[in-house]
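A.B. asks: coords below, sequence missing:
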Ligand SMILES: NCc1[nH]cc(CCC(=O)O)c1CC(=O)O
């Protein structure tokens, strides 16, 4: 191309770090220089409204809408997203053409050595229904309090005493060189956690080819499986759903759980399938819904 490739990104420090990682991958793959790539920060509605629960102000679509508009209007050539924040159903004009190698998928607990170490009735700050439900499933005595904002804001709110502990994605903390917290081993993450995706215009063959070259295939196969399960469940940011796929020897192991918001009911399962069996995640979703009580099933489409 005879002009710089424009990368659309949210303006948060984490989003910018992920945009730079994408720029570096494109430079390495195609022998490009700094001058060949331009990072275009775009402020999203979600960045502006930080004091209300995400579900109340419009859900995950907030993070993507403005980036989509820039891409569709030709103001950018590609968008970089945390895949976790991207809805499962996207406009047909857009295609996720690549995912970067996935980072640490776990959540980290900040403010205590472990969930068990928290005092009776301690306040855990999270606005994620999944994290709230998973915490309450283990420790029904804990109090969930809402906390929003970017990673630095949340850490500041925690330090300011708004909560006794909080949970954040290790991937985000690591990308910001923030060493805080201890990884929680036995808690499944959100579908797509730790994955960065690069979206392009479906019809732009030139940009699409540049981007496809940086796809980390194991990551995109696993994340696509998690997202297919999420889509079959009718999940969005209000649904307590956790899922993680791993890949080895041409087979994907997908583990997932759905919970009631209070964490009292939890249905978990797993399925092992060949990578070309694209519909397998839907079978796991159907199995979880089948086992769920009417109250739990009612949180989802099924
Ligand atoms: N919903 C916010 C969000 N989107 C992506 C990340 C971190 C990076 C990732 O999970 O890939 C975070 C913060 C968090 O959950 O701690």
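C.D. replies: The structure has been received and is ready for your questions. Keep in mind that this is a model prediction, so the values were computed, not measured.
A.B. asks: Tell me where the protein is predicted with low confidence.
C.D. replies: By pLDDT under 70, the weakly predicted segments of the chain are 44-61, 237, 302.
A.B. asks: residue boundaries of the strands in it?
C.D. replies: For the chain, applying DSSP state E gives strands covering 5-10, 37-42, 78-82, 94-99, 107-110, 123-125, 143-145, 165-169, 182-183, 196-201, 241-248, 251-259, 266-274.
A.B. asks: what about the fourth one and the ligand, any contact?
C.D. replies: To tie it back to what came earlier, the one meant is strand 94-99. No: Strand 94-99 is not in contact with the ligand by CB under 6 Å from any ligand atom; minimum separation 10.7 Å. (C-beta placed from N, C-alpha, C; glycine too.)
A.B. asks: Relative to the whole chain's centre, how far out is that strand?
C.D. replies: On the basis of CA atoms, centre = their mean, to the nearest Å, strand 94-99 sits 15 Å off its chain's mean C-alpha point.
A.B. asks: That strand to strand 78-82, inter-axis angle?
C.D. replies: Using axes from the mean of the first three to the mean of the last three CA atoms, to 10 degrees, the direction of strand 94-99 lies 70 degrees away from that of strand 78-82.
A.B. asks: So which elements touch strand 94-99?
C.D. replies: helix 61-72, strand 196-201, helix 205-212, helix 217-233 (3 or more CB pairs under 8 Å, 6 or more residues apart in numbering; DSSP states H and E).
A.B. asks: do the second one as well
C.D. replies: If contacts are counted by 3+ CB pairs under 8 Å, 6+ apart, strand 37-42 sits against strand 5-10, helix 13-30, helix 61-72.
A.B. asks: quick one, what contacts residue 260?
C.D. replies: 133, 240, 266, 295-296, 299 (CB atoms under 8 Å, 6 or more residues apart in numbering).
A.B. asks: which bits of the protein sit near the ligand?
C.D. replies: Counting by CB under 6 Å from any ligand atom, the chain sits next to the ligand at 82, 84-85, 168-169, 171-172, 193-194.
A.B. asks: Identify, from those, the entry nearest to residue 43.
C.D. replies: residue 85 (15.0 Å; CB to CB).
A.B. asks: From what I see, that closest one and residue 65 are in contact.
C.D. replies: No: between residue 85 and residue 65 no contact is recorded; they are 11.2 Å apart, counting by CB atoms under 8 Å.
A.B. asks: between those two, which one's more packed in?
C.D. replies: residue 85 (21 against 14; other CB atoms under 10 Å).
A.B. asks: Chain neighbours aside, what residue packs nearest to that one?
C.D. replies: Distances taken as CB to CB, 6 or more residues apart in numbering put residue 63 closest to residue 85, at 4.3 Å, once the chain neighbours are dropped.
A.B. asks: ok, the one you found touching residue 81?
C.D. replies: Yes: in this structure, residue 63 is within contact of residue 81 by CB under 8 Å, at 7.3 Å.
A.B. asks: how close does residue 14 get to residue 284?
C.D. replies: Going from residue 14 to residue 284 by CB to CB, to the nearest Å gives 30 Å.
A.B. asks: on that earlier part again, so which of the helices and strands packed on strand 94-99 is nearest residue 31?
C.D. replies: Nearest of those (CB to CB): helix 205-212, 11.6 Å.
A.B. asks: for the closest one, packing partners?
C.D. replies: Using 3+ CB pairs under 8 Å, 6+ apart: helix 205-212 touches helix 13-30, strand 94-99, strand 196-201.
A.B. asks: For the second one, which strands pair with it and how are they oriented?
C.D. replies: Strands flanking strand 94-99 in the sheet, each with its direction: strand 196-201 (antiparallel) (DSSP bridges).
A.B. asks: Figure out how far the partner strand is from the centre of its chain.
C.D. replies: 14 Å.
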